[in-house]
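Enquirer: sequence below, structure please.
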Amino acid sequence: MEIMLDDLSGPEIAALIREHLQGMAEESPPESIHALDLDGLRRPDVTFWSAWEQGELLGCGALKELDPSHGEIKSMRTSSAHLRKGVARSILAHIIEEARRRGYRRLSLETGSMASFEPARRLYAAFGFEECGPFADYTLDPYSTFMTREL
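Expert: Numbers count the residues shown, from 1 in each chain. Down below sits the predicted model:
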């Protein structure tokens with residue numbers, strides 16, 4: 001698996017982000033969807049990576065700078081054909097290492113609170129993330145779980 005910086009211009013990435021947003025829309029009301037679209041992921045405060053193997057897109061993830069010491073994990077998604085193969089684990093480890101390299105002291109994320117997000121919450125907990133209150137511009141939301149960890 002190769003994890004690389006991605007400029008979000010490829011059709012495979014566009015399709016995976018569409019799948020990601022559609023999945024969020026099926027699980028949450030519009031006001032509770034915090035996933036970024038392609039334009040949001042292209043902002044200068046967001047760095048986006050994709051994971052590939054033999055020309056096939058496996059998944060993606062992003063790191064948003066909230067301030068010089070705090071980053072947020074965004075747009076973690078594994079392609080449906082590659083679930084439960086360690087793709088998200090590899091991307092998450094890559095993002096955490098990049099956050100450390102940047103000198104962030106804290107890394108946070110928002111994920112769903114519904115049962116379908118339990119695998120994601122377990123993965124984040126395995127990497128040392130703990131539930132916390134809303135951060136940055138988030139507010140309490142029954143559809144959201146907020147997690148954070150110190151680096």
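Enquirer: what does the lowest-mean-pLDDT helix or strand in the chain contact?
Expert: Sorting the helices and strands of the chain by mean pLDDT, DSSP states H and E puts helix 11-27 at the bottom, at a mean of 92. Helix 11-27 is contacted from outside by 6, 8, 33, 35, 37-38, 41, 50, 57, 59-60, 75, 77, 79-80, 112, 114, 116-117, 143, using CB atoms under 8 Å, 6 or more residues apart in numbering. From N, CA and C alone the C-beta is placed, and that goes for glycine too.
Enquirer: got the buried residues for the helix or strand just after it?
Expert: Next helix or strand after helix 11-27 toward the C-terminus (DSSP states H and E): helix 38-41. For helix 38-41, a neighbour-count test (16 or more other CB atoms under 10 Å) marks residue 41 as buried.
Enquirer: kindly report the same for stretch 49-57.
Expert: Buried residues in stretch 49-57 (16+ other CB under 10 Å): 49-52, 57.
Enquirer: quick check: end-to-end length of it?
Expert: Stretch 49-57 has an end-to-end distance of 11 Å (criterion: CA to CA, to the nearest Å).
Enquirer: which ones among the contacts of helix 11-27 are found in helices?
Expert: 38, 41 (DSSP state H).
Enquirer: drop anything exposed from the contacts of helix 11-27.
Expert: Buried by 16+ other CB under 10 Å: 6, 8, 33, 35, 41, 50, 57, 59-60, 75, 77, 79, 112, 117, 143, out of these.
Enquirer: give the residue farthest from the middle of this structure.
Expert: residue 54 (22.9 Å; CA atoms, centre = their mean).
Enquirer: residue contacts, it?
Expert: By CB under 8 Å, 6+ apart, the contact list for residue 54 is empty.
Enquirer: show the pLDDT at it.
Expert: You'll see residue 54 listed with a pLDDT of 95.
Enquirer: please apply the same query to the one 10 residues further on.
Expert: Here the pLDDT value assigned to residue 64 is 98.
Enquirer: show me what the helix or strand where it lies is packed against.
Expert: Residue 64 is located in strand 56-67, with elements delineated by DSSP H and E. Strand 56-67 sits against helix 11-27, strand 46-53, strand 70-78, helix 87-102, with contacts defined as 3 or more CB pairs under 8 Å, 6 or more residues apart in numbering; DSSP states H and E.
Enquirer: hmm, 10 Å instead?
Expert: strand 2-5, helix 11-27, helix 38-41, strand 46-53, strand 70-78, helix 87-102, strand 106-112 (3 or more CB pairs under 10 Å, 6 or more residues apart in numbering; DSSP states H and E).
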